[in-house]
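[1] fold the stuff below for me.
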Amino acid sequence: MATAQETRGPVTNLPLPRFVSLKASEGNVRRGPSLSHRIDWVFKRRDMPLEVTAEYGHWRRVRDREGAGGWVHYALLSGSRTVIVDGDLLALHVRPDGRTPVKARLERGVIARLGDCDLEWCEVSSGGYKGWAEKRALWGVAPDEIRE
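    Numbers count the residues shown, from 1 in each chain. Predicted structure coming up:
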């Protein structure tokens, strides 16, 4: 019996769903997994985090933080992890503890590189700043995900 944790992509054998980022500065989002399918829209933010929900050949079905998505060619995606700040003026702390000093604040919508994560905090970097942010204020990392 397969559990949600054991769901693997039929092409890559990587977990589904999983987070990736947009490698290109533009990526066509298609209605289906081939070049003959209509382009529904274009993602236009390099490094934007996306969630892969399905695989078919060289195509990955992805969605963004608003739930918009479709099929994107795998060459446009990167395994480099990024997150989008979902909270207003998100504090970056010196350590994964809200009582430690704040190094910087990131505005809603900022894309940051994702580092280590425990159950409640993730280390992120953006605009030359690096610190620990509360995981619940980030999109692009699973609530139960731990990264070392």
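[2] CA atoms for contacts and neighbours, from now on please.
    Will do.
[3] for residue 122, which residues are in contact?
    Taking C-alpha atoms under 8 Å, 6 or more residues apart in numbering, we find residue 122 in contact with 96, 114-116, 132-135.
[4] in strands, which of the residues you listed appear?
    114-116, 132-134 (DSSP state E).
[5] please list only the buried members of these.
    Buried members of the ones in strands among the contacts of residue 122, counted by 16 or more other C-alpha atoms under 10 Å: 114-115, 132-134.
[6] per-residue pLDDT, residue 87?
    Looking at residue 87, its pLDDT reads 86.
[7] ignore what I typed, I meant residue 4.
    46.
[8] rewinding a little: how about the buried ones among the ones in strands among the contacts of residue 122 in JSON lines, adding pLDDT and distance to residue 9?
    Formatted as JSON lines, these follow (pLDDT from 0 to 100; distance: C-alpha to C-alpha, whole Å):
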{"residue": "114", "pLDDT": "98", "distance to residue 9": "23"}
{"residue": "115", "pLDDT": "98", "distance to residue 9": "24"}
{"residue": "132", "pLDDT": "98", "distance to residue 9": "31"}
{"residue": "133", "pLDDT": "98", "distance to residue 9": "30"}
{"residue": "134", "pLDDT": "97", "distance to residue 9": "29"}
